[in-house]
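Visitor: how would this look folded up:
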Amino acid sequence: MDKRVLLVFSLFCCFEAGTALRCITCHLHPTLDRCRRGFGVCVAQDGEKCMTLNVYDYNWNHQLSYMVCQKFCRTLTFQRHGWFFMHTCCDYNYCNLQL
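Guide: Residues are numbered from 1 along each chain as shown. Purely as a prediction, here's the structure:
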């Protein structure tokens with residue numbers, strides 16, 4: 001293959017990789033502690049956003065968080081059996097880093 005074609009193709013790949021949405025992943029992040037399971041970075045696919053699920057007790061004390069790339073993400077809050085669940089969605093790099 002022609003070297004110029006390879007150069008253009010590799011630059012295109014780098015540009016595409018540089019514009020992809022990146023999100024923090026953590027499958028178990030207790031309050032006032034580090035990520036206990038699944039820490040890393042995911043690259044969002046088409047239709048995905050960065051999502052954080054925060055879990056609070058009945059007094060709205062934060063208990064834990066869960067962070068991933070999520071398809072069809074919706075920001076919402078609901079209550080179940082005395083626990084409050086808050087889904088937050090965002091669409092810029094590492095926006096789900098804050099608790």
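
Visitor: how far does stretch 25-37 stretch from start to finish?
Guide: Using Cα to Cα, to the nearest Å, the end-to-end distance of stretch 25-37 comes out at 9 Å.

Visitor: that should have said stretch 28-39, apologies.
Guide: 8 Å.

Visitor: over to stretch 46-61?
Guide: Stretch 46-61 stretches 34 Å from its first residue to its last (Cα to Cα).

Visitor: buried ones in that stretch, by neighbour count?
Guide: For stretch 46-61, the buried set under the neighbour-count rule, 16 or more other Cβ atoms under 10 Å, comprises Glu48, Lys49, Cys50, Met51, Thr52, Asn54, Val55, Tyr56. Quick note: C-beta positions are derived from backbone N, CA and C, even for glycine.

Visitor: can you find the helix or strand of this structure with the lowest average pLDDT?
Guide: helix 3-19 (a mean of 46; mean pLDDT, DSSP states H and E).

Visitor: got the buried residues for the helix or strand just after that one?
Guide: Where DSSP states H and E defines the elements, the next helix or strand beyond helix 3-19 is strand 22-30. Going by neighbour count (16+ other Cβ under 10 Å), the buried part of strand 22-30 is Arg22, Cys23, Ile24, Thr25, Cys26, His29.

Visitor: point out the other helices and strands that strand 22-30 packs with.
Guide: The contact analysis (3 or more Cβ pairs under 8 Å, 6 or more residues apart in numbering; DSSP states H and E) places strand 22-30 against strand 40-43, strand 48-56, strand 62-71.

Visitor: thinking again about what came up before, reformat the buried residues of stretch 46-61 as a markdown table; add pLDDT and distance to Tyr92.
Guide: Compiled in a markdown table, the buried residues of stretch 46-61 are given as follows (pLDDT from 0 to 100; distance: Cβ to Cβ, whole Å):
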| residue | pLDDT | distance to Tyr92 |
| --- | --- | --- |
| Glu48 | 94 | 13 |
| Lys49 | 95 | 10 |
| Cys50 | 96 | 8 |
| Met51 | 96 | 13 |
| Thr52 | 96 | 13 |
| Asn54 | 95 | 19 |
| Val55 | 96 | 24 |
| Tyr56 | 96 | 25 |
